[in-house]
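[1] Sequence first, predicted model second:
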There are 2 protein chains.
Amino acid sequence: MDNINNIEVLGLIAATLTTYAFLPQVYKTWKTKDVSAFSLPTFSLFFIGILFWLVYGIYMESLSMILANSITLLSSFALLVLIFKYRKR
Amino acid sequence: MDNINNIEVLGLIAATLTTYAFLPQVYKTWKTKDVSAFSLPTFSLFFIGILFWLVYGIYMESLSMILANSITLLSSFALLVLIFKYRKR
(Lines give C-alpha, C1' and ligand atoms only; values in the text may rest on other atoms or scores of the structure.)
Protein backbone atom coordinates (compact mmCIF):
# COMPACT_ATOMS: atom_id res chain seq x y z
CA MET A 1 0.00 0.00 0.00
CA ASP A 2 1.26 3.45 -0.76
CA ASN A 3 1.01 6.35 1.64
CA ILE A 4 -2.25 7.73 0.25
CA ASN A 5 -3.87 4.36 0.79
CA ASN A 6 -2.67 4.19 4.40
CA ILE A 7 -4.19 7.61 5.03
CA GLU A 8 -7.38 6.53 3.28
CA VAL A 9 -7.64 3.55 5.68
CA LEU A 10 -7.73 6.03 8.58
CA GLY A 11 -10.44 7.97 6.78
CA LEU A 12 -12.45 4.83 6.10
CA ILE A 13 -12.29 3.83 9.80
CA ALA A 14 -13.43 7.36 10.70
CA ALA A 15 -16.16 7.19 8.07
CA THR A 16 -17.38 3.79 9.25
CA LEU A 17 -17.52 4.92 12.89
CA THR A 18 -19.33 8.25 12.43
CA THR A 19 -21.64 6.81 9.78
CA TYR A 20 -22.59 3.72 11.78
CA ALA A 21 -22.89 5.84 14.94
CA PHE A 22 -26.20 7.41 13.94
CA LEU A 23 -28.01 4.16 13.15
CA PRO A 24 -28.67 3.15 16.82
CA GLN A 25 -29.98 6.69 17.41
CA VAL A 26 -32.34 6.56 14.42
CA TYR A 27 -33.55 3.11 15.54
CA LYS A 28 -34.03 4.18 19.16
CA THR A 29 -35.87 7.38 18.20
CA TRP A 30 -38.05 5.53 15.69
CA LYS A 31 -38.99 3.00 18.41
CA THR A 32 -39.46 5.35 21.39
CA LYS A 33 -40.74 8.44 19.54
CA ASP A 34 -38.93 10.32 22.34
CA VAL A 35 -37.47 13.48 20.82
CA SER A 36 -37.95 15.90 23.73
CA ALA A 37 -34.23 15.94 24.59
CA PHE A 38 -33.07 16.77 21.08
CA SER A 39 -32.09 20.25 20.03
CA LEU A 40 -33.80 21.09 16.74
CA PRO A 41 -31.18 23.75 15.80
CA THR A 42 -28.46 21.12 16.36
CA PHE A 43 -29.92 18.57 13.98
CA SER A 44 -30.94 21.19 11.40
CA LEU A 45 -27.46 22.76 11.31
CA PHE A 46 -25.85 19.33 11.38
CA PHE A 47 -27.86 18.21 8.32
CA ILE A 48 -26.95 21.32 6.32
CA GLY A 49 -23.33 20.99 7.47
CA ILE A 50 -23.12 17.38 6.32
CA LEU A 51 -24.40 18.50 2.89
CA PHE A 52 -21.45 20.93 2.70
CA TRP A 53 -19.00 18.22 3.89
CA LEU A 54 -20.27 15.97 1.09
CA VAL A 55 -19.65 18.64 -1.56
CA TYR A 56 -16.24 19.37 0.00
CA GLY A 57 -15.41 15.63 -0.05
CA ILE A 58 -16.30 15.47 -3.74
CA TYR A 59 -13.92 18.38 -4.49
CA MET A 60 -11.21 16.88 -2.26
CA GLU A 61 -11.67 13.57 -4.12
CA SER A 62 -11.88 11.85 -0.74
CA LEU A 63 -13.65 8.50 -1.02
CA SER A 64 -14.04 8.32 2.79
CA MET A 65 -15.73 11.70 3.00
CA ILE A 66 -18.05 11.00 0.06
CA LEU A 67 -19.17 7.61 1.43
CA ALA A 68 -19.52 8.76 5.03
CA ASN A 69 -21.31 12.00 4.34
CA SER A 70 -23.76 10.45 1.87
CA ILE A 71 -24.95 7.94 4.45
CA THR A 72 -24.83 10.41 7.36
CA LEU A 73 -26.89 12.80 5.24
CA LEU A 74 -29.59 10.13 4.98
CA SER A 75 -29.55 9.17 8.67
CA SER A 76 -29.50 12.78 9.87
CA PHE A 77 -32.40 13.49 7.52
CA ALA A 78 -34.30 10.53 9.00
CA LEU A 79 -33.61 11.85 12.51
CA LEU A 80 -34.72 15.34 11.53
CA VAL A 81 -37.99 13.97 10.11
CA LEU A 82 -38.58 12.03 13.38
CA ILE A 83 -37.85 15.14 15.48
CA PHE A 84 -40.29 17.24 13.41
CA LYS A 85 -42.90 14.50 13.54
CA TYR A 86 -42.83 13.80 17.28
CA ARG A 87 -41.87 17.09 18.86
CA LYS A 88 -44.39 18.91 21.00
CA ARG A 89 -45.50 22.18 19.45
CA MET B 1 -8.34 33.18 -4.73
CA ASP B 2 -7.02 30.01 -6.33
CA ASN B 3 -9.01 26.81 -6.68
CA ILE B 4 -7.75 25.18 -3.49
CA ASN B 5 -8.90 28.21 -1.53
CA ASN B 6 -12.37 28.10 -3.09
CA ILE B 7 -12.67 24.45 -2.07
CA GLU B 8 -11.38 25.29 1.40
CA VAL B 9 -14.17 27.90 1.75
CA LEU B 10 -16.71 25.10 1.22
CA GLY B 11 -14.92 23.05 3.86
CA LEU B 12 -14.87 25.95 6.29
CA ILE B 13 -18.63 26.50 5.85
CA ALA B 14 -19.15 22.77 6.46
CA ALA B 15 -16.83 22.89 9.45
CA THR B 16 -18.58 25.92 10.94
CA LEU B 17 -22.03 24.34 10.54
CA THR B 18 -21.29 20.88 11.97
CA THR B 19 -19.10 22.32 14.72
CA TYR B 20 -21.55 24.99 15.81
CA ALA B 21 -24.44 22.49 15.51
CA PHE B 22 -23.55 20.61 18.68
CA LEU B 23 -23.39 23.67 20.94
CA PRO B 24 -27.20 24.12 21.31
CA GLN B 25 -27.43 20.40 22.12
CA VAL B 26 -24.71 20.58 24.78
CA TYR B 27 -26.39 23.66 26.27
CA LYS B 28 -29.88 22.11 26.22
CA THR B 29 -28.68 18.84 27.75
CA TRP B 30 -26.65 20.68 30.39
CA LYS B 31 -29.75 22.71 31.33
CA THR B 32 -32.43 19.99 31.18
CA LYS B 33 -30.32 16.99 32.28
CA ASP B 34 -32.65 15.05 29.95
CA VAL B 35 -30.60 12.33 28.30
CA SER B 36 -33.18 9.52 28.15
CA ALA B 37 -33.67 9.86 24.40
CA PHE B 38 -29.98 9.63 23.54
CA SER B 39 -28.38 6.46 22.26
CA LEU B 40 -25.18 5.81 24.22
CA PRO B 41 -23.66 3.67 21.42
CA THR B 42 -24.31 6.54 18.99
CA PHE B 43 -22.43 9.14 21.01
CA SER B 44 -19.62 6.74 21.98
CA LEU B 45 -19.00 5.67 18.37
CA PHE B 46 -19.37 9.25 17.18
CA PHE B 47 -16.71 10.45 19.64
CA ILE B 48 -14.21 7.76 18.59
CA GLY B 49 -15.06 8.42 14.94
CA ILE B 50 -14.39 12.15 15.30
CA LEU B 51 -10.98 11.30 16.79
CA PHE B 52 -10.19 9.32 13.62
CA TRP B 53 -11.50 12.17 11.39
CA LEU B 54 -9.17 14.55 13.24
CA VAL B 55 -6.12 12.33 12.59
CA TYR B 56 -7.25 11.89 8.96
CA GLY B 57 -7.63 15.67 8.60
CA ILE B 58 -4.09 16.16 9.90
CA TYR B 59 -2.73 13.71 7.29
CA MET B 60 -4.89 15.27 4.55
CA GLU B 61 -3.55 18.69 5.59
CA SER B 62 -7.13 19.94 5.64
CA LEU B 63 -7.47 23.03 7.82
CA SER B 64 -11.28 22.69 7.81
CA MET B 65 -11.19 19.12 9.05
CA ILE B 66 -8.61 19.86 11.74
CA LEU B 67 -10.52 22.87 13.11
CA ALA B 68 -13.95 21.27 12.92
CA ASN B 69 -13.01 17.92 14.37
CA SER B 70 -11.00 19.41 17.24
CA ILE B 71 -13.99 21.41 18.43
CA THR B 72 -16.53 18.65 17.69
CA LEU B 73 -14.31 16.27 19.68
CA LEU B 74 -14.67 18.58 22.68
CA SER B 75 -18.43 19.09 22.35
CA SER B 76 -19.13 15.39 21.73
CA PHE B 77 -16.98 14.59 24.79
CA ALA B 78 -19.03 17.07 26.84
CA LEU B 79 -22.25 15.45 25.61
CA LEU B 80 -20.91 11.97 26.40
CA VAL B 81 -20.01 13.07 29.95
CA LEU B 82 -23.55 14.49 30.40
CA ILE B 83 -25.12 11.27 29.08
CA PHE B 84 -23.03 9.14 31.46
CA LYS B 85 -23.78 11.47 34.35
CA TYR B 86 -27.55 11.72 33.95
CA ARG B 87 -28.59 8.41 32.40
CA LYS B 88 -30.70 6.04 34.47
CA ARG B 89 -28.84 2.85 35.32
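    That came through fine.
[2] The residue lying closest to A:L17 once chain neighbours are set aside: how many residues sit nearby?
    Of all residues not flanking A:L17 in the chain, B:G49 sits nearest, at 3.0 Å (C-beta to C-beta, 6 or more residues apart in numbering or on different chains). For glycine as for every other residue, the C-beta is placed from the backbone atoms N, C-alpha and C. When counting by other C-beta atoms under 10 Å in any protein chain shown, one arrives at 24 neighbours for B:G49.
[3] what about B:G49, helix or strand, and which?
    Take DSSP states H and E as the rule and B:G49 turns out to sit in helix B:40-59.
[4] now the helices: where do they sit in chain A?
    Counting by DSSP state H, residue ranges of the helices within chain A are A:3-32, A:40-60, A:63-86.
[5] Let me know the average pLDDT across the first one.
    Along helix A:3-32, the predicted confidence averages to a pLDDT of 91.
[6] Report the central residue of chain A.
    A:T72 (2.5 Å; C-alpha atoms, centre = their mean).
[7] I'd say that residue and A:T19 touch.
    Yes. Taking C-beta atoms under 8 Å as the contact criterion, A:T72 and A:T19 are neighbours in contact, 5.5 Å apart.
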